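quick one: sequence and predicted model below, then my questions.
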Amino acid sequence: MKRTVRWLTISLALLALAGMCFSQSVTIVFWHSYRGLEKDALEEVGANFTKAHPEIRIQFLQVPFDALPDKITAAVPRGKGPDVFIFGHDRVGYWADKKVLEPLGLWVKKDMSSLFMPSTLEALTYEDALYGLPTSLKCLCLIYNRKLVKAPPKDTAEMIALAKKNTDVKQNKFGLAYEIGLTYYNSAWLFGFGGGIFDKNDDPIINSPGNVKALNFVYDLYRKQNVMPEEITNTLVTTLFNRGQAAMVLSGPWFLGEIEKGVDYAVAPLPLISEIKAKPRPFLTVEAMFMSSQSQRKKEAFEVIKYFTSKEALVVMAKKGGQPVANLQAYDDPAVKNHPFIPVFKLQAETAVPMPNIAEMMMVWTPFDLAIGKVLNRTAKPKEALDEAQGKIAKDIQTFRQ
Amino acid sequence: MTAPRKNLAVPGALLAALGMVLAGFLVLDRAYRLERQEEVSLAKAHLWLRPLALTLEGGAETGEKLAALAGAVRRADPRVLELQALSGTTFRYHSDPRKLGADVDPQDAADKALYDSGVEIRYLLKSERRKPYLLEFDRKSGALKLSEPALKGRRKSMGTLRIGYGLERVPGAMDAWMGLLFLGIFLAFLLLMKRLHRWRWPLAAAALLLALAAGSLLLLNNEQRNLAQSAQAKREHLGRVGTLLAGQSPEILPVFAEDLKGGIFGGMLGEWKAASYVPAGTTDETRPNAAAERVNLGAGGAFVLEPDAGARAAREGAIRRQLRVILTVFGLLAGLLLFFIMAGHALRTARALLTYRYSYIMIFPAMVGMIALVMMPFVYGLSMGFFRVPPSQSGKWVFVGLQNFVEILSDFHPLTTGNFYFVLLITVMWTVINVALHVGIGLVLAIILNRPDFPLKRVYRVLLILPWAMPSYITALIWKGMFHKQFGAINAFLQLLGAEPISFFNNFWTAFFANVATNTWLGFPFMMVISLGALQSIPADLYEAAQIDGADKWQQFKKITMPLLKPALFPAIILGTVWTFNQFNVIYLVSGGDPNRSTDILIIQAYRFAFEKFNWGFAAAYSILIFIILVTYSVFTNRVTRATEGVFD
């Protein structure tokens, strides 16, 4: 009995020693909110990374999209967040103010930044400091059902004509469907008509003439042309498109994951605005790798960031995950160059406007959405609705800034 | 038996009260002295750092000048522990010779801290919210770290400088004097009490008041003396700096003096509102006025400082005001303590705790849970209503008293959406209609289900509870889908009947109806269950007796059923009212406030202020108002309904 106990203790001690040897490797905690194909692609990139850097282990944690930014805001200042995470760029300003993000200027060398589209780096820069490296871009494009629309429209007049051909309200068939009640989805028209959200001094210009013209266009599209369903939600758009009851949809790469098999779809750049012969300019959202300011393993975390924004990693994300990637070198790869829709998004992204990353942007969405709602409900004309929204937003921003 | 105890109570009480006041004064004194220490150290550190920044601002070829000046500064003042100047990512100067000219090492905590402070200072410069410098006190090592920018133009930074400076000693402690004063008062009281035992209460009160008055006079006097001393210290230091500069780089003296007066760092020294440099050899006629102070720099000339009398007076006034507030608070607390002990309450409390200690230990875990999970968040939320809280709650909270409440309650334009009274009206209407429907439908169904010979009673009971059992979130979303204009079930049904489809969420009344329909469907099972339970507890022989006496069904209902239902129904109605008043889910998910936020209720407004506008103070004030309304309602209805209880008497 005594002998067994002695052997047991010796073997346990040896095991413990062996365990301690293995714990030499560093673990980087990586949060993301990807599902489905994107998640698989990310994990493959992670496996490739570990092959190239065996001493760094990546621990992925998937957090639901709606919850991720709030969790980061709450956890990182308490030292409990991840080392790196992937998210959209719209909260960069807010997070930089709260010291959640590590400024990457110390780590990123000049030659690295030339790999990315300049507007993506602009989206990630706040107060002259770069806070993230971009992985993928998202912007609106025209997604259409090839059975109903043979060739994509070149301008909005053609788009409306095509939509009218495909609309039969009695049979619940519509030519065009998109979340027309949301500011985000109308951004292409807002900026295309010369409007905007903020001026150079980060003050709101909600009721600028360009915005008024854009809202007139949107109202016309919704109410006068009779090609769109009413009370549009994103579930409605997805369901209609999947059932072949919506010929054209304005949405981004996130929509493609929701399309069912059997729907023959294609992606095209947004049509030219016929009225003023100008290109529509939708919002550009950049998904980027960020480093937490509280990370205890910043050197290894930057290795992870460098790898996940490199050409090899992003080619995998493009091929497997279907992401329009931000690393320009990745587009040399034939699989990416000839991909059915990734180059389209990249093309559209070149004229897209980076969504403002300042914290004040958070005050804009709700009042602007309300203004659009009023215009679409015929409760107000575009100029009045936008004037009211401008008043509300300016007041909210003033309170926010105090 | 009690006589010996009472003799100790009064002196003991006074001792405790005096002790508390003494502790308060000592803490206050220490706080003031620390403030002086920080102020003087900051001024001294800034006076060393600014000339270095000015040198760096001179241009790119200033490396040697910077090094020479920095070296001279470190030699002249042993309190200077470290000096760094960072431009971009390279150290232009570093007191550690190994790092001079090197790049910032992101792994080194100190390097990283300097780089990060550079980022933050650039942000401060741009937003102009406060002065663009960062200050950190490290009490353990007795030093401060000050980071300032080297400016390019007015709002841009071309580099960051940091100085580590040892803190001044903390002079002027008056602990001993205060202690002696209080001891004296206590002893005097003891002596007098022996003779005038009947007057012990007034005597004790007088002793306390005397202690408060004398202590505060002493404190004030001490603080005034400290203020004068710190002004003197700053002046002397300015002289040192000036003399060094006169020897090393006399060309920046005029700029330095200008800098002290205005510009971004104007007012860092507090006491003086203008400063100018007078080179050596010029006559005294440059003196602006008699009150100006002159700091001689030996052969280098002199600084002429104009004291800011307004600032000084304001500061003294501020101290007096603070003292007054603290005195009142402390005085009241000490007085309460005095009364508490002297009247014997303390003894009784101690005795009760001892006798029932087992019970107190038993409820202790629950008390801890209650305090941590209920009381603390409640107090936190309550306090937020009286402050202006920045959008990131970790910034500075500004006390605004009742301003939030006044702003909410004084908005009298009833037609602007978001107006408190309008939303209150909607909420009350919502609550009344819903509770009426819940109780009405629930009661009717309960009466039907209570019939002894009703077929499939059990099946119906289960089916009718289902609306309440399903998660309200899902139900609300399903109902919202049903109200869709083109694809919803309700409009499909209407079209079947030949009517036009209605856009439910475009019109206030139809949107309100949609909300009410959903909430009624969700809420009637609760009332039904309560009523069913109460109905089943009514003994059947009451009805038999009534029937024999010739009462018809309606009279039976009015005279037997209703009075016996009240004890069960009234609490349920109060509960239901409170729940419905705060029913966030249904309205947020079904109509979402449409059209244009008109169907919002109070709790949704509070939510929007908090999570859409990040105006936490306002949202907290809103919630407090909701709380007051509901508490008043509950207390009032409780009183009223209690009068109708006890039917069997």
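Happy to help now that I have it.

hey, let's count contacts and neighbours off CA atoms from now on
OK.

okay, now the sheet partners of the worst-scoring helix or strand of chain B on mean pLDDT, with direction.
When each helix and strand of chain B is scored by mean pLDDT, DSSP states H and E, strand B:272-278 comes last, with a mean of 72. Its sheet considered, strand B:272-278 pairs with strand B:302-307 (antiparallel) by DSSP bridges.

angle of whatever helix or strand comes next after the strand it pairs with against strand B:272-278?
Toward the C-terminus, strand B:302-307 is succeeded by helix B:309-342 as the next helix or strand (DSSP states H and E). Helix B:309-342 and strand B:272-278 are oriented at 140 degrees to each other (axes from the mean of the first three to the mean of the last three Cα atoms, to 10 degrees).

check the offset of helix B:309-342 from the chain's centre.
Centroid separation between helix B:309-342 and its chain, computed with Cα atoms, centre = their mean, to the nearest Å, is 22 Å.

try stretch A:184-195
So, by Cα atoms, centre = their mean, the centroid of stretch A:184-195 is 17 Å from its chain's centroid.

same question, stretch B:592-608
26 Å.

cool, and stretch A:375-395?
27 Å.

using the three-state scheme, assign the spatially closest residue to A:P209 that is not a sequence neighbour.
Excluding the flanking residues, the one nearest A:P209 by Cα to Cα, 6 or more residues apart in numbering or on different chains is A:G195, at 6.6 Å. At A:G195 the chain is in coil, as set by DSSP: H, G, I helix; E, B strand; the rest coil.

again, but for B:A70
Assigned by three-state DSSP, the conformation of B:A70 is helix.

also B:P455?
Assignment for B:P455 (three-state DSSP): coil.

B:P452 belongs to a helix, doesn't it?
No: going by three-state DSSP, the assignment for B:P452 is coil, not a helix.

next helix or strand past the least confident helix or strand of chain B?
Next along from strand B:272-278, by DSSP H and E: strand B:293-296.

looking at that next one now, give me its mean pLDDT.
Strand B:293-296 carries an average pLDDT of 75.

alpha carbons of that strand, in CSV - could you do that?
C-alpha atoms of strand B:293-296 as CSV (Å, rounded to 0.1, in the frame of the first residue of the first chain):
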residue,chain,number,x,y,z
GLU,B,293,5.5,91.7,-6.6
ARG,B,294,9.0,91.6,-7.8
VAL,B,295,11.1,88.5,-8.1
ASN,B,296,14.7,89.3,-8.5
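
could you double-check that the residue nearest to A:P209 sits in contact with A:A188?
No: using Cα atoms under 8 Å, A:G195 makes no contact with A:A188, being 10.1 Å away.

which of the two has more residues huddled nearby?
A:A188 (26 against 20; other Cα atoms under 10 Å in any protein chain shown).

mind listing what the residue nearest to A:P209 touches?
A:G195 makes contact with A:206, A:208-212, A:214, according to Cα atoms under 8 Å, 6 or more residues apart in numbering or on different chains.

ok, then the element right after the longest strand belonging to chain A?
Across chain A, the longest stretch assigned as strand under DSSP state E is strand A:283-291. With elements assigned by DSSP H and E, the helix or strand that comes after strand A:283-291 is helix A:298-308.

so which strand or helix has A:M248?
In the assignment (DSSP H and E), A:M248 maps to strand A:246-251.

need the residues that contact that strand.
Contact partners of strand A:246-251, identified using Cα under 8 Å, 6+ apart, comprise A:139-145, A:148-149, A:163, A:166, A:173-178, A:185, A:237, A:240-241.

related to what we said a few turns ago, from the contact counts, what lies against the longest strand of chain A?
If you count contacts as 3 or more Cα pairs under 8 Å, 6 or more residues apart in numbering or on different chains; DSSP states H and E, strand A:283-291 packs onto strand A:84-88, strand A:132-138, helix A:298-308, strand A:353-354.

adding mean neighbour count, write the ones you listed out as JSON lines.
Converted to JSON lines, these look like this (neighbours: other Cα atoms under 10 Å in any protein chain shown):
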{"stretch": "strand A:84-88", "mean neighbour count": "23"}
{"stretch": "strand A:132-138", "mean neighbour count": "27"}
{"stretch": "helix A:298-308", "mean neighbour count": "19"}
{"stretch": "strand A:353-354", "mean neighbour count": "22"}
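
fine by me, we can end here.
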